[in-house]
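Participant: requesting a structural model of the entry that follows:
(chains A and B)
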Amino acid sequence: MATLLSVSSLATQFSTRSGVVKAVDGVSWNVEEGETVALVGESGCGKSASALSIMRLIAEPAGRIVAGSVMFKGRDLLALTEEEMRKVRGREIGMIFQEPMTSLNPVLTVGRQLTEGLEIHLGMTPTAARARALELLGMVGIPDAQRRLAQYPHQFSGGMRQRMMIAMALACEPPLILADEPTTALDVTIQAQILELMKSLSRKLGVAMLIITHNLGVVARYADRVNVMYAGKIIEQASARELYANPRHPYTEGLLRSVPRLDEPRRSKLAPIEGQPPDLTHLPQGCSFAPRCRWREARCLESAPELAAVAGEWHTSACWQAEHLGAVAAA
Amino acid sequence: MSELVVGLEVPSRGSRLRAACGDFIRRRPLGAIGAAVILLMFAAALTAPLISPYDPVQVHFAAMLAPPSAEHWLGTDSFGRDVLSRLIYGSQTALIVGFGASLLGATIGALIGVASAYFGGRIDLLLQRFMDVLLSFPLIILALALVAILGNSIPNLIVAIMIPMVPRCALVIRSSALSIREMPYVDAARAAGFTHSRIILRHMLPNVMATYLVMLTAFLGQAILLEASLSFLGLGVQEPLPAWGLMLRGAAVEFAETAPWMAIFPGVAISLAVFAFNLFGDSLRDALDPRLRTQ
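Facilitator: You can find the predicted model right below:
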């Protein structure tokens, strides 16, 4: 498969009163055509900033993309003019936002919000756009489409709104969709429905997806490959199966251990990761996870390890003891 | 949010409007009275040639300074012109200038306000400081200066009254647009690849419609008053065109004791019109404010 999106050494910073926040600090990853890639990490680790950087929607002048390239279908998105970039947004890369309740405009009908992109990007006539909108609502499983199109967002439930957002993202049949925490604001049963829908549509239409989430359950079930982010850096990359079976970074391992599991005997307590995420304005000199790490050594506090390949399927880890961790897990 | 109608049913537009009107009359009787006076004014302006008993500019030297009577209900002025007819025709001037100025002023102000909030940063700063400069002049002084520069035809009068209203509207609209700017649907619109102007006009402007309408009705009263003031000061509408402010001027002052009807009736018309627009505007604001809607 060909590489669709290739992010390399991307760095995005925000200037704040208390200093420069390195929200994204030199990350590299890619998305192949038609696959689903997950970007996982806790709040504030730079997941959303990565997605916004790709779309070039970082709020300027506070935020700035300072380095790197975003190659999409052979073009560097960071080098495009604003006008060219506008044609990429919505047409070539769709985006699904976290908050379905507020991501739809309350004063426009749902139909209008769906047809607007079609008319602008694909030059459809209002009649053709409406026909396509009906088809899209059918695809995302919203019944009674005729009537629904004339309604306003407040007449939709949260799950239905997120279906709408998916329909809007899919409208122009972009080859890539960025989904920023698509299910976080929904309740659990609806989360599963929405994810299933996204998965089946991405398969059917051959759309590649980048799912940004902090939910490892989502990753396990729906992602082909996973990038784990911590403090603005990618600290581990692997296929989803490999990552679960054989985590090679203490942070990933900690995340996995802190997920409650139904298929194991009930433990009295979850095993959380101790400590707090680091202050992004004052990152420690060495590995940024070192202060919270169980396996910390002297060298971890002095210099940060780079991502390096470890044994296994497409697997890299940024830990001095990656190989050692594998041996411990195997034992 | 400023949804005008909340409910799960989607009735036809007509019946929704009718229900909203009925609701408005029941809950805001004062506003309804204001609306009635406004409608009356409109009716008078539109049917002026039909309902006015005399030609408003026709001079009758036989009936100069006649007191109110069966022939001249509100009396005549120093040229023998019928006061009632001049009042009726004057409502045309008041409404044209009032609506023209407030509609333009509020619309331009709203556009500047929303654009300012949307772009933020340097553009916001420059626009707002320019608005501050305009705001530093009292309404009437700025209008006076503008009319003195432009000359006093009706279009110029509209421009002169409109310009001081722009910054006032821009200020208010900007503050509500700032909160809209932070809504995810604005980011979503940008992520969908829409142009700035489309986002401002189609996505943000409808969301500040309630504020806009309230500013508009408030401006209407002010614009009518301002037109009357300018005409009274001799910088507005010129004789022999009938205008309320103009009727208060000149001979009306001279004969104030012997022929008070010349001043009283246009004065009443101005006050009533401004009062009606303010009442209606206040009630409209309450009706559109979701926090006050349940009262």
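Participant: all the strands of the stretch 51-200 of chain A, residue numbers only.
Facilitator: A:63-72, A:75-76, A:93-96, A:176-180 (DSSP state E, counting those that start in this stretch).
Participant: starting at the chain centroid, how far to the second one?
Facilitator: Taking the mean of its C-alpha atoms, strand A:75-76 sits 20 Å from the chain's own mean (C-alpha atoms, centre = their mean, to the nearest Å).
Participant: so which of the strands of the stretch 51-200 of chain A is nearest residue A:156?
Facilitator: For residue A:156, the closest of the strands of the stretch 51-200 of chain A is strand A:93-96, at 15.2 Å, according to C-beta to C-beta. No exception for glycine: its C-beta is placed from N, CA and C like everyone else's.
Participant: point out the most buried one among the strands of the stretch 51-200 of chain A.
Facilitator: strand A:93-96 (a mean of 27; mean count of other C-beta atoms under 10 Å in any protein chain shown).
Participant: does chain B have contacts with it?
Facilitator: Yes: counting by C-beta under 8 Å from any C-beta of the partner chain, chain B is contacted by strand A:93-96 at residue A:95.
Participant: against which helices or strands is that strand packed?
Facilitator: Secondary-structure packing of strand A:93-96 (3 or more C-beta pairs under 8 Å, 6 or more residues apart in numbering or on different chains; DSSP states H and E): helix A:47-55, helix A:158-170, strand A:176-180.
Participant: identify each buried residue in stretch A:209-217, please.
Facilitator: For stretch A:209-217, a neighbour-count test (16 or more other C-beta atoms under 10 Å in any protein chain shown) marks A:209, A:210, A:211, A:212, A:213, A:214, A:215, A:216 as buried.
Participant: how near is the second one to residue A:271?
Facilitator: Okay, so that is residue A:210. Applying C-beta to C-beta, to the nearest Å, the value for residue A:210 to residue A:271 is 29 Å.
Participant: please pull out the lowest mean pLDDT helix or strand from the chain.
Facilitator: Looking at chain A here, since you left the chain open. helix A:322-330 (a mean of 69; mean pLDDT, DSSP states H and E).
Participant: now render the buried residues of stretch A:209-217 as TSV, adding secondary structure and pLDDT.
Facilitator: TSV is the format used below for those (DSSP: H, G, I helix; E, B strand; the rest coil; pLDDT from 0 to 100):
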residue	secondary structure	pLDDT
A:209	strand	94
A:210	strand	94
A:211	strand	93
A:212	strand	93
A:213	strand	90
A:214	coil	86
A:215	coil	83
A:216	helix	83
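Participant: please name the nearest non-neighbouring residue to residue B:281.
Facilitator: residue B:217 (3.2 Å; C-beta to C-beta, 6 or more residues apart in numbering or on different chains).
Participant: what mean pLDDT does the helix or strand the one you found falls within have?
Facilitator: Secondary structure assignment for residue B:217, by DSSP states H and E: helix B:209-232. Mean per-residue pLDDT for helix B:209-232: 89.
Participant: tabulate the strands of the stretch 51-200 of chain A (JSON lines), appending mean pLDDT.
Facilitator: Shown next, in JSON lines, are the strands of the stretch 51-200 of chain A (pLDDT from 0 to 100):
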{"stretch": "strand A:63-72", "mean pLDDT": "93"}
{"stretch": "strand A:75-76", "mean pLDDT": "93"}
{"stretch": "strand A:93-96", "mean pLDDT": "94"}
{"stretch": "strand A:176-180", "mean pLDDT": "93"}
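Participant: quick one, helices of the stretch 151-300 of chain A?
Facilitator: For the stretch 151-300 of chain A, the helices defined by DSSP state H, counting those that start in this stretch occupy A:158-170, A:188-205, A:216-222, A:240-245, A:250-257, A:298-302.
Participant: ugh, wrong one, the stretch 1-150 of chain B
Facilitator: For the stretch 1-150 of chain B, the helices defined by DSSP H, counting those that start in this stretch occupy B:13-27, B:29-46, B:48-51, B:83-119, B:121-135, B:139-150.
Participant: quick check: the residue nearest to residue B:281 touching residue B:279?
Facilitator: No: counting by C-beta atoms under 8 Å, residue B:217 does not reach residue B:279; the two are 9.4 Å apart.
Participant: looking at those two, which is more packed in?
Facilitator: residue B:217 (25 against 22; other C-beta atoms under 10 Å in any protein chain shown).
Participant: so what's that one up against?
Facilitator: B:277, B:278, B:280, B:281, B:284 (C-beta atoms under 8 Å, 6 or more residues apart in numbering or on different chains).
Participant: need the winner for burial among the helices of the stretch 151-300 of chain A.
Facilitator: Comparing these by mean count of other C-beta under 10 Å gives helix A:158-170 as most buried, with a mean of 24.
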